[in-house]
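Peer 1: Dropping the sequence and predicted coords here.
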Amino acid sequence: MVQQLSLTSSVPENQFRTVRITLRALTGLRPEPLARHTIILKPKFPFTPEQSAGKVSQVDSYRIRMVRVWEMESTSDHMDVSDDQFLLGESISDRSSESTRNESIWTMQLSDIPAGGNRPVSIQNIYEATVYKTDDIIGYMDEFGYMPEIEFWTKGYRYYYNDIIIEVFRLYVRSKDGSSDRKPVSDDDTTEKKEELDELNNNDDADAGKDEMMDVDKPQHLIKIALLDKSCRYQVKCFVNVSKLNDLDSVAKGVKELEMLKKELGGMIDLHVPDRTYMDSRLNSRIASKR
């Protein structure tokens with residue numbers, strides 16, 4: 001278990017390059033690429049306590065988050081974080097022989113709602129376990145009584161500054177026309193399709209041709225994914241993980257470092273304490289009732 005201290009923000013797409021340059025100068029290091037595939041699971045048979053007058057239930061059902069490294073694939077020639085035209089992902093629901101879900105190393109997370117009150121940073125308890133290669137990851141979770149609810153992909157950069165981890169990223173979901181069960185394309189069909197695209201590249205419909213080429217070249221078990229936020233903003237999360245629950249000195253040190261970072265980045269990245277209700281993974285949470 002870790003105590004995670006955090007501040008968050010967001011920046012518009014046209015400021016992304018400036019933010020990258022600033023963070024690299026601040027940390028003095030090249031950032032790490034950030035690519036995650038996340039599955040949110042919910043209980044198949046959620047516990048519903050009996051309601052009685054004068055009693056408050058202390059038992060809650062929680063969602064579980066499962067995360068693995070996203071082995072990004074693209075039909076573009078380079079993979080810059082801001083190049084999102086041809087992103088592909090592997091869905092957890094894919095059962096083809098090419099699926100890597102059972103070979104992946106998954107991190108399973110369960111989190112409490114962050115502490116309330118007027119605090120300078122968000123403080124949240126996160127419980128983690130690592131799941132190594134299994135014969136059937138979905139069957140494994142089914143034995144726990146959980147089933148997939150939603151999935152999304154995260155792409156961006158990670159920076160390190162003292163004890164602080166800084167992530168700048170965007171979220172992606174399955175494209176409306178994405179599909180993991182497309183019919184295989186034969187060699188004859190591929191040749192014919194490419195000849196059609198050669199003609200398209202010579203006229204004003206070249207962009208449409210690129211989309212067609214993606215369907216020809218992409219592995220059939222992958223799906224197209226698209227930005228969740230259509231405004232194209234980048235999310236920023238700055239956090240410190242404290243490994244011991246009662247390590248008050250480390251908590252105080254982490255809070256101080258985050259407050260100093262907030263001052264240093266002020267004006268460019270306005271860090272703030274995130275709304276704790278949006279970080280509540282309980283099934284009966286306020287945010288869940290709005291879905």
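Peer 2: Structure's in. What do you need?

Peer 1: use CA for all of it now, contacts and neighbours both
Peer 2: Fine.

Peer 1: Which residues are in contact with residue 50?
Peer 2: Applying CA atoms under 8 Å, 6 or more residues apart in numbering, one finds that residue 50 lies in contact with no residue.

Peer 1: how far away is it from residue 59?
Peer 2: 11 Å (CA to CA, to the nearest Å).

Peer 1: Double-check residue 239 against residue 164; I have them as touching.
Peer 2: Yes. Proximity of residue 239 to residue 164 meets the contact threshold set by CA atoms under 8 Å, at 5.5 Å.

Peer 1: Find the residues that touch each one of those two.
Peer 2: The contact sets of residue 239 and residue 164 overlap at residue 258 (CA under 8 Å, 6+ apart).

Peer 1: Out of the two, name the residue with the larger neighbour count.
Peer 2: Comparing residue 239 with residue 164 by other CA atoms under 10 Å, the one with more neighbours is residue 239, at 23 against 19.

Peer 1: tally of neighbours for the closest residue in space to that one that isn't next to it in sequence?
Peer 2: Distances taken as CA to CA, 6 or more residues apart in numbering place residue 6 nearest to residue 239, at 4.1 Å, with adjacent residues excluded. Residue 6 is flanked by 25 other residues according to other CA under 10 Å.

Peer 1: Residue 226 now?
Peer 2: Residue 226 has 22 neighbouring residues, counting by other CA under 10 Å.

Peer 1: check contacts around it.
Peer 2: Going by CA under 8 Å, 6+ apart, residue 226 touches 84, 87, 172-175.

Peer 1: before we move on, what SS does it have?
Peer 2: Secondary structure of residue 226, reduced to three states by DSSP: H, G, I helix; E, B strand; the rest coil: strand.

Peer 1: where along this structure do the helices fall?
Peer 2: If you assign secondary structure with DSSP state H, the helices in the chain sit at 16-27, 137-143, 187-200, 206-217, 248-265.

Peer 1: Quick check: buried residues in the second one?
Peer 2: The reference is to helix 137-143. Residues 137-138 are the ones in helix 137-143 that count as buried (16 or more other CA atoms under 10 Å).

Peer 1: Only the C-alpha atoms, please, for that helix, written as CSV.
Peer 2: Listed next in CSV are the C-alpha coordinates belonging to helix 137-143 (Å, rounded to 0.1, in the frame of the first residue of the first chain):
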residue,chain,number,x,y,z
ILE,A,137,-6.6,-12.9,-17.0
ILE,A,138,-10.3,-12.4,-17.4
GLY,A,139,-11.0,-15.8,-15.9
TYR,A,140,-8.6,-14.9,-13.1
MET,A,141,-10.6,-11.8,-12.2
ASP,A,142,-13.8,-13.7,-12.7
GLU,A,143,-12.8,-15.9,-9.8
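
Peer 1: Run a quick neighbour tally on the closest residue in space to residue 47 that isn't next to it in sequence.
Peer 2: Nearest in space to residue 47, with sequence neighbours left out and distances taken as CA to CA, 6+ apart, is residue 61 at 6.3 Å. The local packing count at residue 61 equals 16, with neighbours defined by other CA under 10 Å.

Peer 1: pLDDT wise, what is residue 61 at?
Peer 2: Looking at residue 61, its pLDDT is 87.

Peer 1: follow-up on the earlier one: looking at the contacts of residue 226, which are in strands?
Peer 2: 87, 172-174 (DSSP state E).

Peer 1: Quickly check the contacts of residue 226 for the two that are furthest apart.
Peer 2: Within the contacts of residue 226, two members stand farthest from each other by CA to CA: 84 and 174, at 13.2 Å.
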